[in-house]
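**Student:** Sequence plus predicted model, see below.
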Amino acid sequence: MKDNYQTKNLIGADPVDFKRRIDEFATLQDATMEGYQSAAGQRRMSVGFRWGADHDFGDFKVSGMAKERPIWLLSHFMDLLPVLSRRLDGLRVLDIGCWTGGTSLALAAMGAHVVAIEEVKKYVDYLTYIRDSFATKTLEPRHLSLYELTTAEFQDAFDIVLFAGLHYHLSDPVLGTRITFNTVKPGGMCLLETAVMRSDARMLEYAGHNEIGRPENAIGANWFIPSPVVAAEIMREVGYRDVRSVVQASRGRRDRMIAVGTKMEQVDLLRAGFSVPTIR
Ligand SMILES: C[S@@+](CC[C@H](N)C(=O)[O-])C[C@H]1O[C@@H](n2cnc3c(N)ncnc32)[C@H](O)[C@@H]1O
């Protein structure tokens with residue numbers, strides 16, 4: 001898989017042009033292309049391009065904030081919660097919040113047809129360029145927010161939905177999780193990975209705009225950090241069944257949790273007070 005996306009396998013681009021184009025993406029600073037009035041008060045990694053995972057392109061390498069996260073993330077769903085096969089041929093996978101596409105590229109290399117969505121346009125443009133440069137026919141990067149996945153094409157459409165590193169970025173995690181549920185085919189599953197509070201309580205902690213204490217909001221833009229029990233409960237609340245989870249202790253302020261939930265069938269949810277009462 002490591003070889004799939006190396007310069008020796010370029011099809012749609014010359015290696016020199018490819019490196020130049022990658023360097024251009026990496027220096028992008030543009031708030032207006034994201035629909036923001038200005039960069040003020042916006043997340044730095046939305047205004048400016050920041051690498052997600054490390055990528056070894058063969059002739060050159062890039063180092064990302066998330067380092068080798070795509071590899072260990074997917075392997076946790078093979079080892080800690082053994083629900084993911086090493087080959088995904090014939091399966092449709094939705095990768096939500098794909099950033100620079102580390103997991104999307106890995107899932108495509110594992111044989112899946114991957115729809116990778118991301119709210120930040122510059123990352124979608126980058127991943128589309130990578131897709132075209134390596135003629136990866138089974139990857140569809142789309143510039144969409146999770147909240148926009150309510151159209152017919154996204155209903156009951158995926159065997160596997162990867163909902164990783166995103167729960168705590170959502171202003172409405174219950175609505176967001178319900179939307180993931182609606183995208184899964186009956187019999188399919190959602191793989192959740194999230195930061196969690198280190199607590200056994202039923203709590204959602206408000207993290208807010210400046211959680212990491214830097215006024216310019218260097219990385220953050222987290223909204224609510226769930227406790228492990230709440231993250232699992234929200235999955236059940238929106239319709240997932242057979243929810244299983246594993247919490248991984250970390251040395252940092254937050255632990256991480258992985259969970260899997262199955263969509264047995266389309267079921268309704270509590271409508272009273274719901275933020276989008278018409279949601280499927
Ligand atoms: C912490 S990164 C996680 C990346 C990757 N999913 C992973 O687990 O390594 C969160 C990504 O989700 C994107 N994102 C945040 N809110 C989103 C939303 N509502 N819809 C789509 N993407 C979103 C961010 O722009 C960012 O690229």
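**Tutor:** Now that the structure is in, tell me what you want to look at. Numbers count the residues shown, from 1 in each chain.
**Student:** how about the residue nearest to residue 68 when sequence neighbours are not counted, phi and psi?
**Tutor:** Take residue 68 and drop its neighbours on the chain: the residue closest to it by Cβ to Cβ, 6 or more residues apart in numbering is residue 54, 6.1 Å away. Just so you know, the C-beta spots here come from the backbone N, C-alpha and C atoms, and that holds for glycine as well. As for residue 54, its main-chain torsions (degrees, to the nearest 10) stand at phi -60, psi 150.
**Student:** Could you count how many residues lie near residue 54?
**Tutor:** 18 (other Cβ atoms under 10 Å).
**Student:** list the contacts for it?
**Tutor:** Going by Cβ atoms under 8 Å, 6 or more residues apart in numbering, residue 54 touches 61-64, 66-68.
**Student:** If I look at it, what pLDDT would I see?
**Tutor:** You'll see residue 54 listed with a pLDDT of 96.
**Student:** ditto for residue 212
**Tutor:** Predicted confidence (pLDDT) for residue 212: 54.
**Student:** Repeat that for residue 27.
**Tutor:** 97.
**Student:** From the ligand, how far out is it?
**Tutor:** 18 Å (Cβ to the nearest ligand atom, to the nearest Å).
**Student:** again with residue 230
**Tutor:** From residue 230 to the ligand the distance is 19 Å (Cβ to the nearest ligand atom).
**Student:** and what of residue 67?
**Tutor:** Taking Cβ to the nearest ligand atom, one finds residue 67 at 10 Å from the ligand.
**Student:** just checking, that residue touches residue 51?
**Tutor:** No. Counting by Cβ atoms under 8 Å, residue 51 is not a contact partner of residue 67; they are 9.7 Å apart.
**Student:** Comparing those two, which shows the higher neighbour count?
**Tutor:** Using other Cβ under 10 Å as the criterion, residue 67 and residue 51 rank with residue 51 on top: 20 against 14.
**Student:** List the single closest residue to that one in space, sequence neighbours excluded.
**Tutor:** Nearest one to residue 51, counting by Cβ to Cβ, 6+ apart, is residue 64 at 3.5 Å.
**Student:** Spell out the secondary structure type for the one you found.
**Tutor:** coil (DSSP: H, G, I helix; E, B strand; the rest coil).
**Student:** so how many other residues sit close to it?
**Tutor:** 17.
**Student:** Might you enumerate the residues of the stretch 51-200 of the chain proximal to the ligand?
**Tutor:** Contact residues, the stretch 51-200 of the chain versus the ligand (Cβ under 6 Å from any ligand atom): 52, 66, 69, 73, 96-99, 103, 117-120, 123, 145-147, 164-166, 169, 193.
**Student:** Next up, the contacts around the one residue in the stretch 1-150 of the chain that gets nearest to the ligand.
**Tutor:** Residue of the stretch 1-150 of the chain nearest the ligand, by Cβ to the nearest ligand atom: residue 97 (2.5 Å). Residues near residue 97 by Cβ under 8 Å, 6+ apart: 117-119, 146, 164-166, 169.
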